[in-house]
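**Q** please find the sequence and the predicted model below.
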Amino acid sequence: MGKKTFLVTGASKGIGRAISRSLANDDVRVVLLSRPSDELDAACAEIQAKSSSSFSIECDLGSSESIDAALKSMEHLEILDGIVHNAGTITPIQPMSDADDASWERNIYVNITGVQRLTRGLYSKMKASEHCRVTTISSGAALRPLHSWSAYCISKAGLDMWSRCLAEEGAKDGITSIAIAPGIVNTDMQLEIRSSSPEDFPLVESFVGYHRDGDLTNPDDVAAKLHSLIVGHSFEQSGHRFDVRDL
C-alpha cells in the first residue's frame with residue numbers, strides 16, 4: 001500500500017495545523033485547506049519538510065465558489081483516505097435577537113453546508129480508498145445551549161448529526177465517520193471569545209479565567225491524543241462521538 005492521503009480543513013493554525021503535523025509525522029500526505037494567509041504558507045512549508053508530497057489549497061468554506069475551485073484543484077487526486085473537518089467559525093457571539101443575519105447564516109454555511117459541499121465533491125475519491133476515515137471536530141456546545149453562541153451551538157449539533165448520517169450512508173462505500181470534541185484548546189477562537197464584550201457574552205469572564213489559570217490545552221497535545229482515532233478508527237466506532245478527555 002502506498003502513502004495515505006488526508007485532507008485537513010482549517011489547517012493553517014491551531015488544532016488543524018497540529019493535526020496536519022501529527023499526520024505528516026506518521027508519513028501521511030496532507031492536503032492543507034484554509035483561507036489564504038501567510039500562516040497557511042508557513043504551515044505548508046513545515047508539513048512539506050516532513051511529508052514532501054503534501055500541498056496546500058486556498059479555500060473559504062463560507063463561499064460555494066471557493067469550495068468548487070478547491071475541488072477543481074484536487075481533481076488530480078485519485079484516492080482520499082481521510083478527511084479531518086476542523087475548520088469552523090464561532091462568529092457571531094451575540095444574543096439571537098441582536099445577531100446580524102448575514103453573520104449568522106455564514107456560521108451555518110461554514111460549519112455545516114460547506115462541509116457537506118466539500119465532502120460530496122470528494123466522495124468518489126473517498127470511495128476509491130480501501131477505508132476512508134472522516135473525522136469532524138465537535139464541541140461541548142453541540143450538547144448544550146450557551147448564551148450568545150446560538151449559531152455555533154446549532155451548527156455543531158448539526159455537524160454531529162451530519163457525521164452520524166455519513167457513517168450510516170457511507171458504510172457500504174467503505175467510509176467511516178466519527179466526531180471528536182477536543183476540549184478547551186488554546187487557539188485563536190478562544191482569543192476571539194475572550195475579546196467579546198460582557199454585553200454580548202455574559203460568560204466572557206469565565207473564558208478569561210480559563211486562559212489566566214492555565215486551563216487551556218495545547219493544540220499539539222490534543223492532536224497527539226486524537227491521532228490514533230483519526231487514522232485508525234474502525235467500522236465499529238463509526239457514527240460515535242468521542243471526547244478528548246475520555247481518550
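**A** Happy to help now that I have it.
**Q** tell me the phi and psi of the residue nearest the centre of the chain?
**A** When the chain is reduced to its mean C-alpha position, the nearest residue by C-alpha atoms, centre = their mean turns out to be residue 86, at 0.8 Å. Dihedral pair for residue 86: phi -110, psi -30, per degrees, to the nearest 10.
**Q** quick one, phi psi at residue 180?
**A** Note on residue 180: backbone dihedrals following degrees, to the nearest 10 are phi -130, psi 130.
**Q** what about the nearest residue to it once chain neighbours are set aside, neighbour count?
**A** Spatially, and ignoring its direct neighbours in sequence, residue 180 is nearest to residue 242 (4.7 Å; C-beta to C-beta, 6 or more residues apart in numbering). C-beta here means a position set from N, CA and C on the backbone, and glycine is covered the same way. Using other C-beta atoms under 10 Å, the number of residues around residue 242 comes to 19.
**Q** now swap in residue 247 and tell me
**A** 12.
**Q** spatially nearest residue to it (excluding sequence neighbours)?
**A** Residue 247's closest residue in space is residue 225 (C-beta to C-beta, 6+ apart), at 5.0 Å.
**Q** ok, now which ones touch residue 247?
**A** By C-beta atoms under 8 Å, 6 or more residues apart in numbering, the residues touching residue 247 are 225, 226, 229.
**Q** just give me the closest of these to residue 97.
**A** The nearest member of these to residue 97, counting by C-beta to C-beta, is residue 226 at 36.4 Å.
**Q** would you mind writing the CA trace of stretch 97-104 as CSV?
**A** Only the C-alpha atoms of stretch 97-104 are listed here, as CSV (Å, rounded to 0.1, in the frame of the first residue of the first chain):
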residue,chain,number,x,y,z
SER,A,97,-32.2,38.8,18.9
ASP,A,98,-29.1,41.0,18.0
ALA,A,99,-27.1,38.8,15.7
ASP,A,100,-26.6,40.1,12.2
ASP,A,101,-28.5,37.8,9.7
ALA,A,102,-25.5,37.6,7.3
SER,A,103,-23.0,36.6,10.1
TRP,A,104,-25.5,34.0,11.5
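**Q** name the residues that touch that stretch?
**A** The contact list for stretch 97-104 (C-beta under 8 Å, 6+ apart) reads 91, 92, 94, 150, 151, 200.
**Q** and the two most separated of these?
**A** Greatest spatial distance in the contacts of stretch 97-104: 151 and 200, 13.0 Å, computed using C-beta to C-beta.
**Q** on that earlier part again, residue 223 versus the residue nearest to the centre of the chain, what's the distance?
**A** Using C-beta to C-beta, to the nearest Å, residue 86 is found at 10 Å from residue 223.
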